[in-house]
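# Okay, here's the prediction I keep looking at, along with the sequence it came from:
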Amino acid sequence: MQFVPYRMIRNQPRDLRQKLKSEGAFVVTNNNKPFALMVTIEEDQVEESLYLAAQIRAQQAVSALRQQAQTEGMNKLTAEEIDAEIQTVRDARHEG
């Protein structure tokens, strides 16, 4: 995977478009830290591409939640403990 600095977007947009066309995708960095992914899309596939990007973000969020649950030992809760926690949250919502 190719990395390009954010300043290239501002300073060299034509070079960036050519690079994207040839590479297909790359990671945009700011201060050498990745913060965005640029990928080529077809004009008639914009909606599908946005949908797929949303799916990726959702999968990343679920993975992060699973990792947090494992780190905090919550992955060892019984079904009854999970149900009790859900009920506690629901009760708090109705009170507020």
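On my side now, so go ahead. The structure displayed is predicted, hence computed values, not measured ones.

# Break this protein into its domains for me.
Under the assignment automatic domain parsing, the domains of the chain span 1-40, 43-96.

# those helices in this protein, which residues are they?
When secondary structure is read from DSSP state H, the chain shows helices at 7-11, 13-23, 46-71, 79-95.

# And the first one, what does it pack against?
It refers to helix 7-11. Under the contact definition 3 or more C-beta pairs under 8 Å, 6 or more residues apart in numbering; DSSP states H and E, helix 7-11 sits against helix 13-23. (C-beta placed from N, C-alpha, C; glycine too.)

# Give me the contact list for the helix it packs on.
The contact list for helix 13-23, computed with C-beta atoms under 8 Å, 6 or more residues apart in numbering, reads Gln2, Val4, Met8, Ile9, Phe26, Met38, Val39, Thr40.

# cutoff 10 Å now
Counting by C-beta atoms under 10 Å, 6 or more residues apart in numbering, helix 13-23 makes contact with Met1, Gln2, Val4, Met8, Ile9, Arg10, Gln12, Phe26, Val28, Met38, Val39, Thr40, all of which sit outside it.

# Ok, stretch 54-63 next?
Leu37.

# in this structure, which segments are predicted with low confidence?
Within the chain, the segments meeting pLDDT under 70 span 96.

# Centre-most residue in it?
In the chain, the C-alpha closest to the average C-alpha coordinate belongs to Arg57, at a distance of 3.2 Å (C-alpha atoms, centre = their mean).

# For Leu50, see how far away it is.
To Leu50, Arg57 is 11 Å away according to C-beta to C-beta, to the nearest Å.

# what about the helices of the chain, which gets the closest to Lys33?
Comparing these by their distance to Lys33 (C-beta to C-beta), the top pick is helix 7-11, with 13.5 Å.
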